[in-house]
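# structure, please.
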Amino acid sequence: MLFSIPLFIIILISAFYLPGRFLLRRIQYPQKDFLSIATMSFGVGIALFLIGTYMLSWLHISYLYNLFVLVTIFLEWKDSLEEWKKNFSLHYIFQLEFLIILLGSIGMVALVATSGITNSWGMVFYSANGVDSVYHISLINSIIQQFPPNNPSVSGVALHGYHILYDFLIAQLVSQYHFNTLDMFFRLFPVFMSIFYGFAGLTLVKFLKFTRQQSLLFLFLLYFAQGFRVILVTLLHAQGLHYDPVIVQSLSHVFDPSVVLSMGLTFLAIVGIFTMKKTITVVVPIILIGILGGMKIYTAILMYGGLAVIACYQLYKEKRYTYFLVLLGAGILSAFFYVPFNLGVGKLIFAPFLQYKHFMESNDIFYFLAWPLKYQVYELHHNVLRIVQLYLEAFVLFLIPSLGLRIVSLVTLPKLFHKKSINKITILFCTMIAIAFCIGSFFIQNIEVFNTVQFLWLGYILLIFPTAYVFGKYTVRSKKLCIAIWVFVILFSLPDTIFLLSSSFKNPTVLSSNFLQTASKLQQSTNLKDGIMVIDRKEGNDIYNTTFFSALSNRPIYYQTMVLNNVPEDIVSKRRITVDTLASLQMSCVDDSQHIKQILKEEKIDYLVSVNGDYCKNKVAFLQEIFSKGNYRIYQVM
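Reported below is the predicted structural model:
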């Protein structure tokens, strides 16, 4: 790990920064601020890396991108070195902007860095890292092994219905530069990503000409803005009652790293849109927006919606079509990333306020309102006015506690529509926020019903801009008021931040040393073409270890339960029945060798893994045990 840190820094500079700076210098990108141009260089470099390696991966020669990297190093390093010598000084790192970004990045990294580490207990995964992140690791391994990748949850079935670009980025860094997957996913890249996120936000607020206090407040809220969860639970004396605000906020976004990286790139894309001077500079927003479709489609939809509106505004007011060029170029690029893996999936279904209804029915903290019961009664009697009243209650109880300090932004947004305030920037922001709340409130998805709540996650991030703007306006009136506002902001952000950090390290998922040795042996003993089935069920109790087996053995598994939404139902049903049948035969241990052999032969299974001890090996002679550790067994089908 220690050797990986300097190597990773070298890769960031050579593979991201220098290619990005090289392109910006050649197109004479107009941004003058040193830190802004440095941040933009990293963002453009990431986009170039993804576009180049993705295209070459279809030809199975992604490593050739390093030739471009070498050329840009040769052509750019002297100019960049002189630029850094001239503009960078150590006093930068002692500025408050840097310190807030550093503190926020430490908070983000702390939530993930301790996962995937082996200690005296075994390998530990905290919070959401024990669920979603494990699938990400499985998918990263699948991308490394072959492209286009198969679904690691159902071996031999092509991946479909997933935005793979973040996992693809990690896979390329791991495979091309020989990093450890767990270190890259949980530690190395989150450090860079969280710092990049802060500097991308800082670049945007500098461009928007925020005052220093507004910029500082924005950075603080970007990392630490929370809702009023702790305050609400305390006021209602509801400790122990279920309350899930649904909205993932600030530091928690690191659990879904595609949100953090895509929003950082979005901040830079907005700057790129409004700093275009020459036609050639359209390439910057085109590549930054273009990769969003394959990284986080929710972010891409907001960006494309906002861009389409200001493109129409530009055409109407200025009789120019520059933004339409960006829209067209980015759209073509996004289609290249999105269509191969997502065509025909994830349709939106109009279901007004179902999100809020589900929220009220699933949170017993509001039991005293009897909301579900009242809804049934009013619906039975067709009392429309009362139903509207209930939805207003749900709307308020959903949004106000989760918005937290962002409530003040709701006062500011209407003022932006005064004639004097209307410009392309305010139109873009208001459109993106409106799309986020409209889709999040009025639509569900046909696959994972309430996934549209992720639009609200992104909308909450965008609301930080007007929130910081409002608070920052009052800080200039007097020093005392400035201090009072900062105390107010910190005090109302701390309770939920402390709750998040403390609760994230409770009840970790722990994989025993026996499990880890079994997964390692599985990787050593098999190759990618072997069929591997894990029998992990006990009678009356399902134990799903297959996700971890796939992630830590670097091998796709015949059937596991994670992310099966876009696998044909006949395949899922057949494989579930097959695993359940073999598990049942293991429990009864009947002498039915021919039946078992026929099943394994039909499904082309070469290796059988049991987590429940011996698989009737005395009665199933064609299973040769090749590994045994605790209750774990690996059998080769002879």
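
# quick one: contacts for residue 629?
Contact partners of residue 629, counting by Cβ atoms under 8 Å, 6 or more residues apart in numbering, are 514, 517, 518, 521. For glycine as for every other residue, the C-beta is placed from the backbone atoms N, C-alpha and C.

# helix, strand, or coil at the third one?
The three-state label for residue 518, taken from DSSP: H, G, I helix; E, B strand; the rest coil, comes out as helix.

# what about it, distance to residue 553?
Distance of residue 518 to residue 553, computed by Cβ to Cβ, to the nearest Å: 8 Å.

# so these two - more neighbours on which side?
Set residue 518 next to residue 553 and count neighbours by other Cβ atoms under 10 Å: residue 518 wins out with 28 against 24.

# any stretches of this structure with poor pLDDT?
Along the chain, the parts satisfying pLDDT under 70 run over 1-2, 237-242, 413-422, 447-449, 536-546, 561-565, 585-593, 612-621.

# quick one, strands of it?
Under the criterion DSSP state E, strands of the chain are mapped to 117-118, 123-125, 348-350, 443-445, 509-511, 532-535, 537-538, 541-542, 607-610, 623-629, 632-637.

# show me which residues of the fifth one are buried.
Burial within strand 509-511, assessed by neighbour count using 16 or more other Cβ atoms under 10 Å, is assigned to 509, 511.

# list the contacts of it.
So strand 509-511 is in contact with 121, 122, 123, 124, 125, 126, 130, 548, 552, going by Cβ under 8 Å, 6+ apart.

# touching, residue 33 and residue 209? I think so.
No. At 11.7 Å, residue 33 does not count as touching residue 209 under the criterion of Cβ atoms under 8 Å.

# the two: which is more packed in?
Neighbour count, other Cβ under 10 Å: between residue 33 and residue 209, residue 33 has more, with 14 against 8.

# re the thing from before, taking the contacts of strand 509-511, tell me the two that lie furthest apart.
For these, with distances taken as Cβ to Cβ, the pair at the greatest spread is 126 and 552 (16.3 Å).

# tell me how far residue 293 lies from residue 466.
Counting by Cβ to Cβ - residue 293 and residue 466 are separated by 27 Å.

# skipping its backbone neighbours, what lies nearest residue 532 in space?
In space, and not counting its chain neighbours, residue 532 is closest to residue 607: 4.8 Å by Cβ to Cβ, 6 or more residues apart in numbering.

# and the one you found, what is it in contact with?
522, 525, 526, 530, 531, 532, 533, 634, 635, 636, 637.

# which of residue 293 and residue 466 has more neighbours?
Using other Cβ under 10 Å as the criterion, residue 293 and residue 466 rank with residue 293 on top: 26 against 22.

# these two touch, right, the more buried one and residue 337?
Yes. The pair residue 293 and residue 337 qualifies as a contact (Cβ under 8 Å) at a distance of 5.2 Å.

# for residue 193, grab the count of nearby residues.
With other Cβ under 10 Å as criterion, residue 193 counts 22.

# thought it was touching residue 263?
No. If you go by Cβ under 8 Å, residue 193 and residue 263 don't touch, sitting 10.5 Å apart.

# circling back: and the contacts of residue 629, which are buried?
Buried residues within these, counting neighbours by 16+ other Cβ under 10 Å: 518, 521.

# biggest separation within the contacts of residue 629, which pair?
Checking the contacts of residue 629 with Cβ to Cβ, the most distant pair is 514 and 521, at 10.6 Å.
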